[in-house]
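1. Next comes the sequence, and after it the predicted model I'd like to discuss.
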Amino acid sequence: MMPFSGGIDANANATLLFSLAAAVIYAFSLGMPPRLSRSAARTLAVAMLAVLVAQQGGPWLLVAALGVGAVGDAFLSRDGEKAFLGGTASFLAAHVLYVVLFLRAGSGLGLLSAEPWRAAIVLAMIVSVLAMVFALQRRIGQALRLPIGVHAAALLGMGIAALTLNSVWVVGGGVLLLLSDGLHAAEKFLLPAISAYRIWVRHGVWALYYAGQLAITLGLLLG
């Protein structure tokens with residue numbers, strides 16, 4: 001059973017399967033040295049979600065957020081501080097786009113206080129993000145403190161904005177992106193360089209991240 005009308009060869013379903021295949025290929029290549037094919041797989045996984053939204057006439061802000069996210073994926077598929085900063089800047093822009101999109105599509109911030117479970121998730125997000133930022137401040141250089149702090153604020157804003165929608169998929173997607181980002185920060189800055197768990201953490205980061213992007217995409221397209 002395909003999520004969009006038509007069979008497996010319909011444009012929307014074929015694009016979705018292309019995205020899923022790229023995501024799986026990247027997951028299997030995580031333990032390999034950075035190379036062009038690995039970067040292409042990571043970039044295409046989310047870029048094809050942007051193509052899917054455009055095909056379906058979805059919100060242009062969602063197309064933009066996914067497109068900018070794919071640029072961030074291209075950066076983060078490479079090693080080095082410049083690539084990390086490029087990825088951080090790209091995801092900052094994507095989070096801001098998501099905030100605008102969710103606040104436009106949602107029922108307003110008043111919904112957070114009207115339903116206790118939403119307020120509880122917001123509180124958990126705030127505590128988690130503040131705890132991670134505090135832990136990172138002791139492990140990162142002065143030059144990275146401001147960019148990471150701004151990125152954390154945008155990420156938290158994205159998660160809170162997602163909770164204003166009545167779509168469980170979008171809410172879940174926002175939570176998954178927040179968890180992925182926190183796990184990525186822990187893997188990069190808190191885990192020992194020779195930790196045997198690093199590769200498994202990377203798999204967790206990618207699984208949470210792609211699942212979050214996919215959930216948001218399908219939640220907004222399928223209602």
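-> Nice, thanks for sending it over. Numbers count the residues shown, from 1 in each chain.

2. Can you get me a residue count around the closest residue to V133 other than its chain neighbours?
-> Counting by C-beta to C-beta, 6 or more residues apart in numbering, A152 is the residue found nearest to V133 once chain neighbours are left out, at 5.1 Å. (Glycine included, C-beta is placed from N, CA and C.) Neighbour count of A152, defined by other C-beta atoms under 10 Å: 21.

3. Hmm, A152 is touching I126, no?
-> No - using C-beta atoms under 8 Å, A152 is not in contact with I126, being 10.7 Å away.

4. Report the contact partners of the residue nearest to V133.
-> Residues in contact with A152 (C-beta atoms under 8 Å, 6 or more residues apart in numbering) are 129, 132-133.

5. any idea where the helices of this protein begin and end?
-> 11-28, 36-55, 60-76, 81-105, 110-114, 116-137, 142-162, 168-185, 198-222 (DSSP state H).

6. of all those helices, which lies closest to P192?
-> helix 198-222 (8.3 Å; C-beta to C-beta).

7. Contacts for the closest one next, please.
-> Helix 198-222 is contacted by residues 3, 19, 23, 26-27, 30-31, 45-46, 49, 52-53, 56, 58-59, 62, 66, 69, 98, 105, 162, 165, 167-170, 172-177, 179-181, 183-184, 186-187, 191 when judged by C-beta under 8 Å, 6+ apart.

8. ok, now stretch 111-119?
-> 122, 160, 163-164.

9. try it again with 6 Å
-> 122, 163-164 (C-beta atoms under 6 Å, 6 or more residues apart in numbering).

10. swap in stretch 135-145?
-> F189.

11. Where does the prediction get shaky in the chain?
-> Within the chain, no stretch has pLDDT under 70.

12. Return the closest of the contacts of stretch 111-119 with respect to L109.
-> Lowest distance from L109 to the contacts of stretch 111-119 (C-beta to C-beta) belongs to T164, with 6.1 Å.

13. Could you report the distance from the nearest residue to the closest one once chain neighbours are set aside to G182?
-> Distances taken as C-beta to C-beta, 6+ apart place G106 nearest to T164, at 3.1 Å, with adjacent residues excluded. Between G106 and G182 the computed distance is 23 Å (C-beta to C-beta, to the nearest Å).

14. Fine, thanks again, bye for now.
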